[in-house]
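K.L.:
predicted model follows, preceded by the sequence.
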Amino acid sequence: MLPMFISNEELQIFNNFVKTLSTRERQVLQEIVERSIQHYPALNLVTESLPYHKWLLALLMEEHKEVQRLRRQVEELQRSRRL
């Protein structure tokens, strides 16, 4: 589930965290991890950051793209109601 640049220690901490999540929360986490995978090659070029920072940046980028998509949908709905 996690990117390969996560250390074994970080992986253990993450696994402990995942165990506390509900089934739905695990599904949500899996979805955002899968969406962030496309950014790993670029993020591996960043050498001056901690591994978790790279992963969080990938997740943040994906979530922001989703927010942008939803904003566009809202704007389109608002425009269509004005017509």
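P.N.:
Everything's here; your move. Residues are numbered from 1 along each chain as shown.
K.L.:
any stretches of this structure with poor pLDDT?
P.N.:
With pLDDT under 70 as the threshold, the chain has low-confidence stretches at 1-8, 10-11, 43-44, 46-52, 54-55.
K.L.:
what about the helices in it?
P.N.:
Taking DSSP state H as the test, the helices found in the chain are 8-19, 23-36, 40-43, 51-82.
K.L.:
would TSV of the ones you listed with mean neighbour count be doable?
P.N.:
Placement of C-beta: from N, CA and C, glycine included. What follows is those, written out as TSV (neighbours: other CB atoms under 10 Å):
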stretch	mean neighbour count
helix 8-19	11
helix 23-36	13
helix 40-43	13
helix 51-82	12
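K.L.:
look up how far Leu29 lies from the residue at minimal distance from the centre of the chain.
P.N.:
Residue closest to the average C-alpha location in the chain (CA atoms, centre = their mean): Leu59, at 2.5 Å. The gap separating Leu59 from Leu29 is 10 Å, by CB to CB, to the nearest Å.
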